[in-house]
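Q: the following comprises the amino acid sequence and a computationally predicted model.
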Amino acid sequence: MADQNTNASRIAEGWAVPQPERPPAPTYQPAVMALGTSFILFGLVTSYAFCAAGGVLFAISLVNWIGELVHGD
């Protein structure tokens, strides 16, 4: 067991120790996008007003989600 730990602690020449990654902050945008998709599909069966509302929700959540990923908020 001790041999494995010493082997793991040695780094080959030309290699570097990876830096720990910080996961992105949680967001509500996927849930809002799913709600928009549900509205779009429900609107296809009932009324196009639901399609329009779902399209707006979907578009807003997509823009916000991409903005959060790009800016790292």
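A: Nice, thanks for sending it over.
Q: from now on I want contacts and neighbour counts done on CA atoms only, so please keep to that.
A: Noted.
Q: can you check the pLDDT for His71?
A: At His71, the pLDDT value in this model is 79.
Q: going forward, begin numbering at 18 instead of 1
A: Let's use 18 as the start, then, which means that last one is His88.
Q: can you tell me the SS state at Phe67?
A: The three-state label given to Phe67 by DSSP: H, G, I helix; E, B strand; the rest coil is helix.
Q: who's in contact with it?
A: Residues near Phe67 by CA atoms under 8 Å, 6 or more residues apart in numbering: Phe56, Ile57, Phe59, Gly60, Leu61.
Q: please apply the same query to Ser78.
A: By CA under 8 Å, 6+ apart, Ser78 lies in contact with Gln46, Pro47, Val49, Met50.
Q: buried ones in the helix or strand that it is a member of?
A: If you go by DSSP states H and E, Ser78 is part of helix 65-88. Residues of helix 65-88 classed as buried by neighbour count (16 or more other CA atoms under 10 Å): Phe67, Cys68, Ala70, Gly71, Gly72, Val73, Leu74, Phe75, Ser78, Leu79, Trp82.
Q: picking up where we left off before, buried subset of the contacts of Phe67?
A: For the contacts of Phe67, buried by 16+ other CA under 10 Å: Phe56, Ile57, Phe59, Gly60.
Q: ok, the last one - contacts?
A: The neighbours of Gly60, taking CA under 8 Å, 6+ apart as the test, are Ala66, Phe67, Cys68.
Q: identify, from those, the entry nearest to Arg39.
A: Cys68 (37.3 Å; CA to CA).
Q: so the closest residue in space to that closest one that isn't next to it in sequence is in which element?
A: For Cys68, ignoring the flanking residues on the chain, the nearest one in space by CA to CA, 6 or more residues apart in numbering is Ile57 at 4.1 Å. For Ile57, the element it lies in under DSSP H and E is helix 46-62.
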